[in-house]
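**Q** Fold the following.
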Amino acid sequence: MNRYILPVSVVGTIVGGTVLVKDYVGGGNCPSKAKITGKTVIITGANTGIGKETALELAQRGGRIIMACRDMERCENAAREIRGKTLSHEVYAHYLDLSSLKSVREFAKKINEEEKYVHILINNAAVMRCPYWKTEDDFEMQFGVNHLGHFLLTNLLLDKLKNSGPSRIINVSSLAHIAGKIDFEDLNWEKKKYDTKAAYCQSKLANVLFTLELSKRLKGTEVTVNALHPGVASTELGRHTGMHTSTFSSTTLGPIFWLLVKSPKQAAQTSVYLAVAEELSGISGKYFHQMKEKEPAPQAKDEETARLLWEVSAQLVGLRETTVPGIHLPKESFS
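**A** Modelled structure (predicted):
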């Protein structure tokens, strides 16, 4: 019997250590116990992954949840599941296609007409490292969905958010922004060879720069805006990466991937924290990871780049028909 004691102890130590590492990587749960009873929350891309887990937890905290998604069948199923788990009837599925400016405008019009308040807007939806696809409005897909769609949506809901104050805007970015560069001469990847990774990094840098500029424009209001890196999570976002298509990656690197990658629930905790934490009242223009404020990349703090990106984005989505010298726009930029 004694000869089994050492092997069992070693296995137990390894398993225990693995669990501790997994928990550490996960970052823990949102420390705030705050409720948001009666508050209206919009979450884009909420039918799966981080968005779905965010919707679930905020519904458990009493929120009135509007899940804004492109795939309505999956969104309805997710909303039904969340209603069943939380026993809340205040979970709704709405159609929103961020790759279509027309869809964004229609969604915002519906919200502005039908909702009395919007207290929390979580710009969560994203595409990552897809092939060179174009949006309905002829924008490169990652920049169009990850940045421009949310830029327009947020602007169209700003009056509602201001009238609902105190309210919060949360932009889900990524650590990938540190490798990002805003190429104002070719935002749409029409002049250079398409690089899926660089395009994703540009779009995620745009999220942080948008947060910086928007926070300046919201000074004096009761609306705050912050960005976050959720961590690397096991979600459908990575469907176009090698980890989901390579046999070597899934078999050889699978155990490492499992150890170092967050679950969707773990990755949703910073979004939840930014949405509910009472101690963040009045905090704006910041970047968070694992529920702690972090310094973003130097290029994400460039106020002139943030201002110019705002002006160009406004022009691209047709918020105003001004021109920015030297910027090449896709055809039919204005709605």
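**Q** who touches residue 124 in this structure?
**A** Neighbouring residues of residue 124 by CB atoms under 8 Å, 6 or more residues apart in numbering: 43, 44, 45, 46, 50, 51, 54, 170, 172, 271. The C-beta positions use only the backbone N, C-alpha and C, and glycine is treated the same way.
**Q** Now for the third one, how many residues are close by?
**A** Read it as residue 45. Using other CB atoms under 10 Å, the number of residues around residue 45 comes to 30.
**Q** ok, it touching residue 51?
**A** Yes - contact criterion CB atoms under 8 Å: residue 45 and residue 51 qualify, at 4.3 Å.
**Q** Which neighbours do these two have in common?
**A** Common neighbours of residue 45 and residue 51, using CB under 8 Å, 6+ apart, are 124, 125.
**Q** that older thread, out of the contacts of residue 124, which is most surrounded?
**A** Compared across the contacts of residue 124, residue 46 has the highest neighbour count, 33 neighbours, by other CB under 10 Å.
**Q** how about it, what does it touch?
**A** Residue 46 neighbours (CB under 8 Å, 6+ apart): 52, 54, 55, 65, 67, 68, 69, 75, 78, 124.
**Q** can you tell me which of the residues you listed lies nearest to residue 263?
**A** The shortest gap between residue 263 and any of these belongs to residue 52, at 11.8 Å (CB to CB).
**Q** circling back to that earlier point, for the contacts of residue 46, which one is nearest residue 90?
**A** Within the contacts of residue 46, proximity to residue 90 (CB to CB) peaks at residue 65, which comes in at 6.5 Å.
**Q** Are we agreed that the closest one is in a strand?
**A** Yes - assessed with DSSP: H, G, I helix; E, B strand; the rest coil, residue 65 lies in a strand.
**Q** In strands only, show me the contacts of residue 46.
**A** The strands, defined by DSSP state E, take in 65, 67, 68, 69 from the contacts of residue 46.
**Q** hang on, the earlier thing: most neighbours, which of the contacts of residue 46?
**A** residue 54 (31 neighbours).
**Q** how near is that one to residue 68?
**A** Separation of residue 54 from residue 68 (CB to CB, to the nearest Å): 12 Å.
**Q** can you check residue 79 too?
**A** Distance of residue 79 to residue 68, given as CB to CB: 11 Å.
**Q** ok, which pair from the contacts of residue 46 is furthest apart?
**A** The widest separation within the contacts of residue 46 (CB to CB) is 13.9 Å, between 54 and 75.
**Q** Could you pull up the contacting residues of residue 142?
**A** Residue 142 makes contacts with 127, 128, 129, 130, 196, 199, 200, 202, 203, as judged by CB under 8 Å, 6+ apart.
**Q** Any of those buried? List them.
**A** 127, 128, 129, 196, 199, 200, 202, 203 (16 or more other CB atoms under 10 Å).
**Q** would you turn those into a markdown table with distance to residue 267, pLDDT and secondary structure?
**A** As requested, the buried ones among the contacts of residue 142 are exported to a markdown table (distance: CB to CB, whole Å; pLDDT from 0 to 100; DSSP: H, G, I helix; E, B strand; the rest coil):
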| residue | distance to residue 267 | pLDDT | secondary structure |
| --- | --- | --- | --- |
| 127 | 17 | 97 | coil |
| 128 | 14 | 96 | coil |
| 129 | 18 | 91 | coil |
| 196 | 21 | 97 | helix |
| 199 | 22 | 98 | helix |
| 200 | 17 | 98 | helix |
| 202 | 22 | 98 | helix |
| 203 | 18 | 98 | helix |
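**Q** Including distance to residue 87, could the residues you listed go into CSV?
**A** CSV is the format used below for the buried ones among the contacts of residue 142 (distance: CB to CB, whole Å):
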residue, distance to residue 87
127, 33
128, 34
129, 38
196, 42
199, 42
200, 38
202, 43
203, 37
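**Q** thinking again about what came up before, let me know the closest of the contacts of residue 142 to residue 156.
**A** Of all these, residue 156 sits closest to residue 203, with 19.7 Å by CB to CB.
**Q** From residue 194, how far off is the residue nearest to residue 169 when sequence neighbours are not counted?
**A** Nearest residue to residue 169, sequence neighbours excluded (CB to CB, 6 or more residues apart in numbering): residue 225, at 4.0 Å. According to CB to CB, residue 225 stands 30 Å off from residue 194.
**Q** more neighbours, these two?
**A** residue 225 (27 against 12).
**Q** wait, is that one part of a helix?
**A** No - the assignment for residue 225 (three-state DSSP) gives strand, which keeps it out of a helix.
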